[in-house]
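> need a 3D model of the sequence below.
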Amino acid sequence: MIRKRIRLTGAVQGVGFRPFIYRLARDLGLNGWVLNDASGVQIEVEGEGPAIRKFIELIPVRKPAMAHIESLEHKALRPVGYTKFEIRMSLGREERTVQVIPDIATCGECLSEMNTKGERRYRYPFTNCTNCGPRYTIIEKLPYDRPSTTMSGFTMCPDCKREYEAPEDRRFHAQPIACPVCGPRVTLTDAKGRKVAERDDALIQSAKKVGEGLILAMKGLGGFLLICDARNLATVKRLRAKKYREEKPFAVMFPTLEEIKEHCEVAPQEQELLLSPQSPIVLVKKRGKGGIAENVAPSNPFLGVMLPYAPLHHLLMDELGFPVVATSGNKTDDPIAIDNDEALQRLGGVADFFLMHDRPILRRVDDSVVRVVGGQTMMLRRARGYAPKPVPFANPDGIHVLGLGGHLKNTIGFSQGNNIFVSQHVGDLEAYEALQSFNEILASLKDLYEFSPDTVAVDLHPGYISTKVGEDMVQSGSKGAPDLQRVQHHHAHIASCMCDNGVDGPVLGVSWDGVGYGTDGVAWGSEFLVSTFNDFERLAHFLPFRLVGGEQAARRPSRSALGTLYQTFGDDILSDRLSEVPAISCFDRNELVTLRDCLKTGFNSPLVCGMGRLFDAVSSIIGVRQECSFEGQAAMELEFEAYRGTKGSRALAYEYEIRSGKPAVVDWRPIMRGIVSDHFARVKRSTISLKFHQTLANIIREIADNANMNRIVLSGGVFQNALLTSLVGKAFKGSLMKVYMHKSLPPNDGGISVGQVAIALARSR
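Down below sits the predicted model:
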C-alpha cells in the first residue's frame, strides 16, 4: 500500500474534474480525497502501487473535454488508512492561480433533454451540466463552488440535490444545476417593465413578437442581446436608428448550421468553430442568396454568423425557425446591459419587449468574434467562450503586473503565477458608461484573484483614459502603491503576438494600425521593430504625412487622402487635372484652399505615419469611402474591393522607395502616383486595391530580407485584414522565414494589455 499527493494546475475547475477523479479512483479501487483549492485541484490516493500508477497515467488521457492541465505533480507519502474516496470542501488559502473556465455552449445531452417530452427539464431554459453552461459570468470567488456563484440564492430541490450528489450522474457537482422547480425563470415584459407572460408562455410570446417585426431585448449568458427578424428590412432599419449604429454590420443567429450554409460559404474550419463549445460569431462569406436584409451587413461580402449557444437561445430559435439579428444589448459605445432594471432603463427606447430572467449576471461579457485566415483562426473580439483563459508566460519571481490596455477595444491583463490572464473585451473608453464598465471589470478581476499589483503597465499615450487610471493608482499615496511602467503602443502589439505564439525575441515585428503614440511624440502606426520583450529598435516606418484636422480625420478618409496627395503633388491638388480625383472633388474650392493652407503651415495638421490612415487615403482616392460611420470602415471596404479584383501576384504591384537610414523610411509617394495614374486610366477600383495590398506585402518581404531576420511577427489592427495577411504569408512562401500571426489574442488593441504585462515582466528581470 502506498499513498500519493497529486497537484494539478490549469483549467481544472468548473469542468467536472472532481467528479471525474472520484469515478476514476473508485474504478481502480483507490481511497482518499479530491478538492479544489485556489491554484487548482489537490488529490490524495491510497492503494496498491500499480493502481496508483495507472491512476496518474489516465488523468491526462481521460480528463473532461474542456479541462486543460498545465502541470501534474505528485509525491509519495506514508499510508494513513483511508477507507473510502470522497470529494472534500474546497480550500482557498493559497495564491489564486487556477484558470476560471469561460462560459460553455449547451451540450448535446442537455439539448436532448430539453427537447424530449417527459424529461423533467423539457423546454427548461437554464438546463446545464458539468459539460456546459455558465461559469465566468456567475462566479464570485475562487475556488469554484455553488456558494461562490450567483446560483447561491437558488436552493436545490430534492431531485436536483440527488443528481448533484450522485457520482454516476453528469450533474455530479455541477454548480449551476437547476430545474423548473427550483431554478431561475423567464419573464416577458413590455418596455415599461409590465409583465406580459411567464415561463414557457414568455418564450412563445417572445417569438411571436419577433415574428411580427418587433425588437426583443433578451437576457443571455453575459448580458442582453437585441434581437429582430434579420429578413425584415424595415425592422433592421429601425434597430439601427434606435441603437445609433448607422452601417456597422450586425451579427446574425441562425437556427441551424444547415441554414447558415444556405446563405453563406462555410469552410470546414469555420464549421468547427460554429459548433465548438466556445460558439463564437464567425465571419463567413455570403453566398449572394436573398433572404437576409441587405442593411444587416451593408456593402459587405461577409456575414458574422453564430448558432444558439444557451438553452434560452435554442428554445427561442426553435420557435422562430428563421435567422435573427443578435447584437449586443447597448447603444453604440456603451457597455452591454446585464441587470434587468438597467436594461429597462438603458434599452427602453430601443426594444419593444424584454425577455428577462432572475439569474444574476456578475460580469458583462459580449460574444466573441473570429475569422479564419490562411487556415488559422484569428480572434477579432475575445470575450464569451475564451475569456479569461490566460496566455502562458514565465514569471519565476512571481511578480504581479497589471496591464491596463489601450483606449480602443480595451482589455485588462495581469500576471498570476506563470500566466498572463486577460479580461473579456471591455470596449472603447470614449463614454462615461464605458469607463464605469472598465473600472467594474478591473475591480471584479482583482477580487476574484485577490490580485494586488506590484507594477502597473500603461500605454505611452498621456491622453488615454487607461493611462490616467494607471497613473492615479500609482500616485494614490497609499502604502505599497505599485510602480508605473510606460510601454510604447506598437512594442506592446508585437509582444502580445510573441506571447500568443510562445516566441521569444529577437523578431522583426511589423506593427500596423491607425495611430499609436511614438517615443518621439509623433503618431506612429507603420512600424518595423526589431523586438525582444525587454526592448525594441525602430528599424523602419512609412513616410509621415500631415493629417488635417487631427483625430477627426479618422471619420473622414478624404482628410487622410488630402494629406497624402498634398505630400505627393504639392499645390497641384488645386489643379484642374487632379480635381477629378474623388478625394479632392468631395471638397468645394474654398474648403480645399483652406485645408491646403493648413497642410502647408502645419496648422491643426499633426504628422502621422499610421498604416490605417494610409488605407483610408487610398479608399478615398479611388472613391470607395469618403465618410465613416464606424472605426476602420474605409479600410475594411478597401479590403472587400480587393477581393473583387483579379487574382494577384507579386508582379501586380506599385513602385515604392525605401530610403536607407536609422530608421529606414518607406516612401509611399510612388504608390500614390501609380494609384492616381490608374484612376485616370480607368483601371478598376478592385484592381487598384489589390495592387495596393500586394505592394504592402512586397514591402514587408523586402525589409525582412534586408534585415536578415528569420522570424516575422504581424500585429496591429491592420492585420485584421485577411487578404493582406494572406498575401504576406504568400510573399514568404518557400523562404526560411517563419511568419507569426495572432491566434488566441486579437491583433487589434484587444491584445496589447498582454503585451504590456509581458514587457513589464521582462524589464523587471
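
> quick one: the spatially closest residue to residue 622 that is not a sequence neighbour and residue 512, what's the gap?
Leaving aside its chain neighbours, residue 622 sits nearest to residue 685 (4.8 Å; criterion: Cβ to Cβ, 6 or more residues apart in numbering). Where you see a C-beta, it was placed from the backbone N, CA and C, and this is true even at glycine. Using Cβ to Cβ, to the nearest Å, one obtains 22 Å as the distance from residue 685 to residue 512.

> more neighbours: those two, which one.
Taking residue 685 and residue 512 together and counting by other Cβ atoms under 10 Å, residue 512 has the greater number of neighbours (30 against 21).

> which other helices and strands does the helix or strand hosting residue 252 contact?
Taking DSSP states H and E as the criterion, the element that holds residue 252 is strand 251-253. Here strand 251-253 touches strand 302-306, strand 324-328, going by 3 or more Cβ pairs under 8 Å, 6 or more residues apart in numbering; DSSP states H and E.

> as TSV, these with mean neighbour count and mean pLDDT would be great.
Converted to TSV, the helices and strands packed on strand 251-253 look like this (neighbours: other Cβ atoms under 10 Å; pLDDT from 0 to 100):
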stretch	mean neighbour count	mean pLDDT
strand 302-306	24	97
strand 324-328	27	97
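
> any chance of these in TSV, plus distance to residue 689?
Converted to TSV, those look like this (distance: least, Cβ to Cβ, whole Å):
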stretch	distance to residue 689
strand 302-306	16
strand 324-328	28
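
> what about residue 742, how many residues nearby?
Neighbour count for residue 742, taken as other Cβ under 10 Å: 30.

> could you do residue 440 as well?
For residue 440, which is what you asked about, the neighbour count (other Cβ under 10 Å) is 15.

> domain parsing for the chain?
Following the assignment in automatic domain parsing, the chain carries domains at 2-87, 100-183, 186-361.

> show me the contacts for the residue lying closest to residue 738 once chain neighbours are set aside.
For residue 738, the nearest residue in space outside its immediate sequence neighbours is residue 711; the separation is 5.3 Å by Cβ to Cβ, 6+ apart. With contact set as Cβ atoms under 8 Å, 6 or more residues apart in numbering, residue 711 has these partners: 503, 506, 507, 508, 737, 738, 740.

> do you know how far residue 711 is from residue 516?
From residue 711 to residue 516 the distance is 22 Å (Cβ to Cβ).

> likewise for residue 719?
Here residue 719 is placed at a distance of 14 Å from residue 516 (Cβ to Cβ).

> also residue 4?
Where residue 516 is concerned, residue 4 sits at a distance of 52 Å (Cβ to Cβ).

> what of residue 556?
20 Å.

> neighbour count: these two, which is higher?
Set side by side, residue 556 and residue 516 give different neighbour counts by other Cβ under 10 Å, the larger being at residue 516 (26 against 20).

> what residues are up against the nearest residue to that one once chain neighbours are set aside?
Sequence neighbours aside, residue 489 is the residue nearest to residue 516 in space, at 3.1 Å (criterion: Cβ to Cβ, 6+ apart). Residues touching residue 489, when contacts are defined by Cβ under 8 Å, 6+ apart, comprise 406, 459, 460, 461, 513, 516, 517, 524, 752.

> and residue 117, by the same measure?
For residue 117, no contacting residues are found, by Cβ under 8 Å, 6+ apart.

> surely it is in a strand?
No: read with DSSP: H, G, I helix; E, B strand; the rest coil, residue 117 is coil and lies in no strand.

> distance check, it against residue 123.
9 Å.

> equivalent analysis for residue 577, please.
Between residue 577 and residue 123 the computed distance is 70 Å (Cβ to Cβ).

> higher neighbour count, those two?
A direct count of neighbours by other Cβ under 10 Å for residue 577 and residue 123 places residue 123 higher, at 20 against 12.

> just checking, the more buried one touches residue 200?
Yes: with contact defined as Cβ atoms under 8 Å, residue 123 counts as touching residue 200 (5.6 Å).

> residue 470: how many residues sit nearby?
Every residue meeting other Cβ under 10 Å relative to residue 470 is counted, giving 26.

> not counting its neighbours along the chain, what's nearest it?
When the adjacent residues along the chain are set aside, residue 470 lies closest to residue 458, with 3.8 Å between them (Cβ to Cβ, 6+ apart).

> residues in contact with the helix or strand where that neighbour lies?
Assessed by DSSP H and E, residue 458 sits inside strand 455-459. For strand 455-459, the external contacting residues (Cβ under 8 Å, 6+ apart) are 399-407, 464, 466-467, 469-471, 473-474, 482-487, 489, 492, 516-517, 752, 756-757, 759-760, 764.

> moving C-terminal of that strand, what's the next helix or strand?
helix 465-474.

> give me the buried stretch members for that next one, please.
Along helix 465-474, these residues count as buried under the neighbour rule (16 or more other Cβ atoms under 10 Å): 465, 466, 467, 469, 470, 471, 473, 474.

> save those as JSON lines, and put in pLDDT and distance to residue 104 too.
JSON lines is the format used below for the buried residues of helix 465-474 (pLDDT from 0 to 100; distance: Cβ to Cβ, whole Å):
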{"residue": "465", "pLDDT": "94", "distance to residue 104": "33"}
{"residue": "466", "pLDDT": "96", "distance to residue 104": "30"}
{"residue": "467", "pLDDT": "96", "distance to residue 104": "35"}
{"residue": "469", "pLDDT": "94", "distance to residue 104": "32"}
{"residue": "470", "pLDDT": "94", "distance to residue 104": "33"}
{"residue": "471", "pLDDT": "94", "distance to residue 104": "38"}
{"residue": "473", "pLDDT": "90", "distance to residue 104": "34"}
{"residue": "474", "pLDDT": "89", "distance to residue 104": "38"}
